[in-house]
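Asks: fold the following and give me the result.
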Amino acid sequence: MSNLTELVSRRRSAALFEEGANGPDRNTLQALIDLAIQAPNHRLTFPWRFHVVEGADRETLGALWADEAVTKGWAPETARAREQAKLLRAPQIIFVGVVSDPDDPVRQREDQAATSAAVAQLLLLLEDAGFAGMWRTGRMVVSDAIRDALAYQPGETIEAIVYVGRRGNRTPPPRLRPPVARVVTWGLHPTPLASPTAKDAVPR
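Replies: Got it, this is the predicted structure:
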């Protein structure tokens, strides 16, 4: 088990997964998710839902997604194969849903924050267990085809799409972040911070 500081520092999103390698088995993945949902959850609403897709189901879901993307004009017909292949990037894909109250905007924000916290913890736990993850969003989070295929319920939204597998041979680029002083103020009535830009970021 890694030191937490070292683990946070070394974790990187996997831009490329090892071809042919498996992700965690179901018992292992459930154990990691069980730890991930120890994330803070105000009012104990338990909003997280983890919909795991693996094996041949990825091909089926990829075809449904590609059809929708082309039909709705999100991708040209010439990109159909590329869109379908997105669901084959990793051996497992976790669609992380949030169940909340659409009529309560405060609870919605709390539930989304709790779910994002669980996703962040899951990425660290995967890294610590010898796997790799990549958090994506994009048009898939509003896909009716994916919602239907995964039996999403009214009031449930997709917060994250987590690709899971073993890291490929490509070395991740350095993580770029602004100096911490650019994002922290102290005390009352501080001078507003200018939003950092890419030029402010330094490798970490």
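
Asks: ok, residues contacting stretch 124-137?
Replies: Residues external to stretch 124-137 that are found in contact with it (Cβ atoms under 8 Å, 6 or more residues apart in numbering): 1-2, 7-8, 10-11, 13-15, 17, 23-24, 28, 32, 35-36, 89-90, 119, 122-123, 160-167. For every residue, glycine as well, the C-beta is placed using N, CA and C.

Asks: what are the boundaries of the strands in this structure?
Replies: Here the chain has its strands, by DSSP state E, at 48-54, 92-99, 132-136, 156-165, 176-177, 202-203.

Asks: by mean pLDDT, show me the worst of these.
Replies: Among these, strand 202-203 carries the lowest mean pLDDT, at a mean of 87.

Asks: list the neighbouring strands of that strand plus their orientation.
Replies: strand 176-177 (antiparallel) (DSSP bridges).

Asks: for the partner strand, the distance to its chain's centre please.
Replies: 19 Å (Cα atoms, centre = their mean, to the nearest Å).

Asks: same question, stretch 64-83
Replies: Worked out by Cα atoms, centre = their mean, stretch 64-83 lies 22 Å from the chain centre.

Asks: buried stuff in that stretch?
Replies: Of the residues in stretch 64-83, 64-66, 68-70, 74-75, 83 count as buried by neighbour count, 16 or more other Cβ atoms under 10 Å.
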